[in-house]
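Engineer: Just a sequence and a predicted model for now, questions to come.
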Amino acid sequence: IFMDHSDLNSGIGFSEQIREALGSSASLIVICSPNARKSRWVNKEIKEYKERGNKNRIFPVIISGSTERGDNYCFPEELAKLDPLAIDLRKNNLSKKDALLRLLAGILNKDIQLIRDRDKKRTSQRNVTIGLAAAGLLLIFGLIFNSQNIIYKVASNEKNIQIELLRQQLTSVTSKLEAS
């Protein structure tokens, strides 16, 4: 994953670094907004990527602006030429999870339903694991409580036996003293 705002070295060779990154990238995710549309660098990156024959590997994600041409248009010109089908994150059109799954489906070139099914299965497996762990903890705490309860009962029983033995001995001694 190459992100031009954090992965570029400063100094000479700025555009060369971008070309190298684009050349080694299997996909290009374009964050679309009016600011992205106005950026000459975003347009250059898209153009460079398209010229490498990767126009079907460009994935636009709309974060603001409009898909209708005008002052607030969100698609950079080089992307607009492709008549893009974008993932739209404006005003909760999609949940972030669904947007991520759609993006993942595109990048992996898999059917979105397959990705959703895999995610659902993974979520289900995680929930089962959490449920089993919780049940295991409850069992352990139950066993600890039960063993403490048994220890208390045994100790209580032993105490009662000792009291009974002392009472019998006291009765025996008292009987002998009264007899003498």
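Structural biologist: Okay, I see it.

Engineer: could you point out where this structure is predicted with low confidence?
Structural biologist: For the chain, the stretches with pLDDT under 70 are 1-14, 92-93.

Engineer: Would you mind finding the longest helix in it?
Structural biologist: Identified as the longest helix of the chain according to DSSP state H is helix 112-179.

Engineer: Which elements pack onto that helix?
Structural biologist: Counting contacts by 3 or more C-beta pairs under 8 Å, 6 or more residues apart in numbering; DSSP states H and E, helix 112-179 is packed against helix 96-108. Glycine gets a C-beta too; all of them are placed from N, C-alpha and C.

Engineer: Assumed Gly53 was part of a strand.
Structural biologist: No. Checked against DSSP: H, G, I helix; E, B strand; the rest coil, Gly53 lies outside a strand; its state is coil.

Engineer: How many residues are close by it?
Structural biologist: Around Gly53 there are 8 other residues, counting by other C-beta atoms under 10 Å.

Engineer: Over to it: give its phi and psi.
Structural biologist: phi 80, psi 20 (degrees, to the nearest 10).

Engineer: The one 3 residues further on too?
Structural biologist: Torsion angles at Asn56 (phi, psi; degrees, to the nearest 10) stand at phi -80, psi 0.

Engineer: And it, how far from Leu82?
Structural biologist: 9 Å (C-beta to C-beta, to the nearest Å).

Engineer: What of Ile58?
Structural biologist: Remark: distance between Ile58 and Leu82 (C-beta to C-beta) = 7 Å.

Engineer: Pull up the overlap in contacts between the two.
Structural biologist: Residues within reach of Ile58 and of Leu82 at once, by C-beta atoms under 8 Å, 6 or more residues apart in numbering, are Lys50.

Engineer: Which one's more surrounded, those two?
Structural biologist: Higher neighbour count among Ile58 and Leu82: Ile58, with 20 against 14, using other C-beta under 10 Å.

Engineer: I figured that one hits Glu48, correct?
Structural biologist: No. If you go by C-beta atoms under 8 Å, Ile58 and Glu48 don't touch, sitting 11.2 Å apart.
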